[in-house]
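Visitor: with the input below, show me the fold.
(2 chains)
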Amino acid sequence: MSPDGNQLDAFAVDVHAILERSVANLHSHLVTRPTGRAVRFAIERQLEEMKGPVLSLVDLKSVAILDFSCADEVVAKLLLRDTDTGDASSIPVTYFVFQGLREHHLEPIESVLERRSLMAVAQRHGGIFELLGTGSPEERSVWLLVEERGRIPSEEVTRLFPESAARDILMRLLARRVIFRHPLRGDLLALSALVQEMG
Amino acid sequence: MNVVPVPSSLDYRSFDLLAEAVDQIGAERCLLDGRRLRWVDPVGMIGLLGVGRVLTERTGDPPSLQLPASGEVLSYLARMGFFQAAEGILAVEGGDRKRGTGSSDVLLEVTPITENHDVHAVVERVQGRAGTILSRTLHYPHSAVVQFSVILAEVCQNILEHADAPGWVSAQTYNWSRRLGRQVLVIGVGDLGRGFRGSLMSEHAGRFGDRWGDATALEAAFIHGLTRFPDQGRGQGIQQIRKQVRRWDGMISIRSGTARIADVPEWEDHPPLEEGLAPFPGSLITILLPERALEEEGAA
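Guide: Numbering: from 1, shown residues only, chains lettered A, B, ... in the order given. Below you'll find the predicted structure:
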């Protein structure tokens, strides 16, 4: 199901299942760069079959060990590829939510996001959504407001963000795809709200 | 025939004596005299294998290794899988050599790393053993097994990604009762590849000019996270290992070519950078993780 009628495709990726399918010998840990690359390629192949925009739920809950090389391939490079239009012509515009994150996943993921100046929306194993990466306090504050509201109708955007500086931040968050703007109505949606609406 | 004495205690520091002795000899057949060997750790074992390879390439034949007189050391080498790893590299002579069978007291036997799958196998193999040793022996939190596995994975990848040559990894705990009064986990990783200078040369040597050498290459990778890859995401492995080792008050050192660089904790008496060592190809990485002191546990 998609919000307001087929504006967004969605698909879920169980990274552990991809790990088993994509990499020979059924590796259960997300370690080494070639393994991470194989998993990323598998996700990208699935994305290439979709028509955009796409909400992609990348589930890491069954990944016991995640090293920095794999975090770079499976998290940072997915985000980079999606925002690098020159390299991503065959991949639709994609909004990523990294799900099932446990404490030991955070350090590798935060580290690669910071190194590449990226942001990502993550859902902890317990269900809480958070913004990871290099967001400034102001960007985090704006993201949190959208996250708490879930959906902000287009007519309320100016009232909630009266200053142009805040609206500039909003534009940056939209460009980084950590917030979704409904293409027809102009409503702002938190990715968590999209996840819930997609069922 | 050249005879090279193996130091009676062979670890990351005394390996330099062995490398010096090997550097002195020519292309004649060689005997590594290990009869006086009383103590050896994973770094010493991997260093000995490296010496075997270097001498094989130099002389055309695997050097002979005269085994230690100590039955305890022999048994230990067997349990650590040293003799299996040494097949084709060292011609082992004398002694009552017992085959290792993966004894339960061994954390990680001497394991060749030649392809991606080997790294996965190492990470898989240490899961149960490392969890027990880290929590019961070193008194680290239960979650430490994950960080430890990541360290192993990153350090083994260093061989595959940067050395362009096979290598080995091994790990074991020791009671450093006299030196430190605590248990210490020792990880050794070595290869005979291109070394840090060779790996970084094409991309980075130019900016260093005359200063370029083993020490500057090690500083570039170890301190500044430079790699030969233009990809900004590369070079994190060593940085993250250093960060985690510091959290555990451990030591990491890398010997490559004629230099060694290290992050040295207060309890270890060792210079952070050494130059002018006897040349040895590839790289030899040592990681020491000490048991948590009781006051640290109380504070945690």
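
Visitor: the residue positioned nearest the centre of chain A pairs with what?
Guide: The centre of chain A sits closest to A:Phe96, judged by CA atoms, centre = their mean, with a distance of 2.2 Å. Bridge pairing for A:Phe96 (DSSP bridges) gives the partners A:Ser56.

Visitor: give me the contact list for the helix or strand B:His204 falls within.
Guide: Secondary structure from DSSP states H and E places B:His204 in helix B:195-208. Defining contact as CB atoms under 8 Å, 6 or more residues apart in numbering or on different chains, one finds that helix B:195-208 is touched by B:162-164, B:193, B:212-214, B:216-218, B:220-221, B:226-228, B:230, B:254, B:256-257, B:281-283. (Each C-beta comes from the backbone N, C-alpha and C, glycine too.)

Visitor: ok, which stretches of chain A are helices?
Guide: Here chain A has its helices, by DSSP state H, at A:15-22, A:33-48, A:68-71, A:77-83, A:103-115, A:137-149, A:154-160, A:164-175, A:191-198.

Visitor: please identify the buried residues of the fifth one?
Guide: Neighbour-count burial for helix A:103-115, with 16 or more other CB atoms under 10 Å in any protein chain shown as criterion, is recorded at A:104-113, A:115.

Visitor: check the fourth one too.
Guide: The neighbour-count criterion (16+ other CB under 10 Å) identifies A:77-82 as the buried residues of helix A:77-83.

Visitor: who does that helix touch, helix- and strand-wise?
Guide: helix A:33-48, strand A:94-101 (3 or more CB pairs under 8 Å, 6 or more residues apart in numbering or on different chains; DSSP states H and E).

Visitor: now swap in the second one and tell me
Guide: Counting by 3+ CB pairs under 8 Å, 6+ apart, the packing neighbours recorded for helix A:33-48 are strand A:9-14, helix A:15-22, strand A:54-59, helix A:68-71, helix A:77-83, helix B:116-132.

Visitor: mean pLDDT lowest where, among the ones you listed?
Guide: The minimum mean pLDDT among the helices and strands packed on helix A:33-48 belongs to helix A:15-22 (a mean of 60).

Visitor: which parts of the stretch 51-200 of chain B sit against chain A?
Guide: Residues of the stretch 51-200 of chain B found near chain A (CB under 8 Å from any CB of the partner chain) are B:116-117, B:119-120, B:123-124, B:143, B:146-147, B:149-150, B:153-154, B:157, B:160-161.

Visitor: which among those residues end up buried?
Guide: The neighbour count (16+ other CB under 10 Å) marks B:116-117, B:119-120, B:123, B:146-147, B:149-150, B:153-154, B:157, B:160-161 as buried among these.

Visitor: farthest-apart pair in these, please.
Guide: Farthest pair in these (CB to CB) is B:His117 and B:Gln147. Separation: 22.4 Å.

Visitor: any low-confidence regions in chain A?
Guide: A:1-27, A:82-91, A:199 (pLDDT under 70).

Visitor: which element, helix or strand, includes B:Tyr76?
Guide: Per DSSP H and E: B:Tyr76 is located in helix B:71-79.

Visitor: buried stuff in that helix?
Guide: Neighbour counts over helix B:71-79 (16+ other CB under 10 Å) mark B:73-74, B:76-79 as buried.

Visitor: which elements pack onto the helix or strand following that helix?
Guide: With elements assigned by DSSP H and E, the helix or strand that comes after helix B:71-79 is helix B:82-86. Under the contact criterion of 3+ CB pairs under 8 Å, 6+ apart, helix B:82-86 touches helix B:42-59, strand B:108-113.

Visitor: ok, and what's touching helix B:82-86?
Guide: The contact list for helix B:82-86 (CB under 8 Å, 6+ apart) reads B:45, B:48-49, B:52, B:65, B:77, B:92, B:97, B:99-100, B:109-112, B:168.

Visitor: which of those sits closest to A:Pro153?
Guide: Looking across these and measuring by CB to CB, the closest to A:Pro153 is B:Thr111, at 59.8 Å.

Visitor: list the contacts for the closest one?
Guide: B:Thr111 makes contact with B:81, B:85, B:118, B:121-122, B:125, B:168-170 under the criterion CB under 8 Å, 6+ apart.

Visitor: just give the nearest non-adjacent residue to B:Leu277, would you?
Guide: Distances taken as CB to CB, 6 or more residues apart in numbering or on different chains put B:Thr258 closest to B:Leu277, at 5.0 Å, once the chain neighbours are dropped.

Visitor: related to what we said a few turns ago, could you pull up the mean pLDDT of the helix holding B:Tyr76?
Guide: Taken as a whole, helix B:71-79 has a mean pLDDT of 93.

Visitor: and residue 122, what does it touch?
Guide: Since you didn't name a chain, this refers to chain A. A:97-99, A:101, A:109, A:129-132.

Visitor: switch to chain B, that's the one I care about
Guide: B:108, B:111, B:113, B:152-153, B:156, B:169.

Visitor: swap the cut-off to 7 Å and go again
Guide: Shown in contact with B:Val122 (CB atoms under 7 Å, 6 or more residues apart in numbering or on different chains): B:108, B:111, B:152, B:156, B:169.

Visitor: export those as CSV, with columns for pLDDT.
Guide: Formatted as CSV, the contacts of B:Val122 follow (pLDDT from 0 to 100):
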residue, pLDDT
B:Leu108, 93
B:Thr111, 96
B:Leu152, 94
B:Cys156, 94
B:Val169, 97
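
Visitor: out of those, who's the most crowded?
Guide: Ranked by the number of neighbours (other CB atoms under 10 Å in any protein chain shown), the contacts of B:Val122 place B:Cys156 first, at 28 neighbours.

Visitor: one step back: the helix holding B:Tyr76: how far from the chain's middle?
Guide: 19 Å (CA atoms, centre = their mean, to the nearest Å).

Visitor: run the angle between that helix and strand B:108-113 for me.
Guide: 40 degrees (axes from the mean of the first three to the mean of the last three CA atoms, to 10 degrees).

Visitor: now for helix B:71-79, which elements pack on it?
Guide: Where contact means 3 or more CB pairs under 7 Å, 6 or more residues apart in numbering or on different chains; DSSP states H and E, helix B:71-79 is not packed against any helix or strand.

Visitor: please repeat the previous calculation with a cut-off of 10 Å.
Guide: Where contact means 3 or more CB pairs under 10 Å, 6 or more residues apart in numbering or on different chains; DSSP states H and E, helix B:71-79 is packed against strand B:39-40, helix B:42-59, helix B:82-86.

Visitor: most tightly packed of the ones you listed?
Guide: Most buried of these by mean neighbour count (mean count of other CB atoms under 10 Å in any protein chain shown) is helix B:42-59; its value is a mean of 23.
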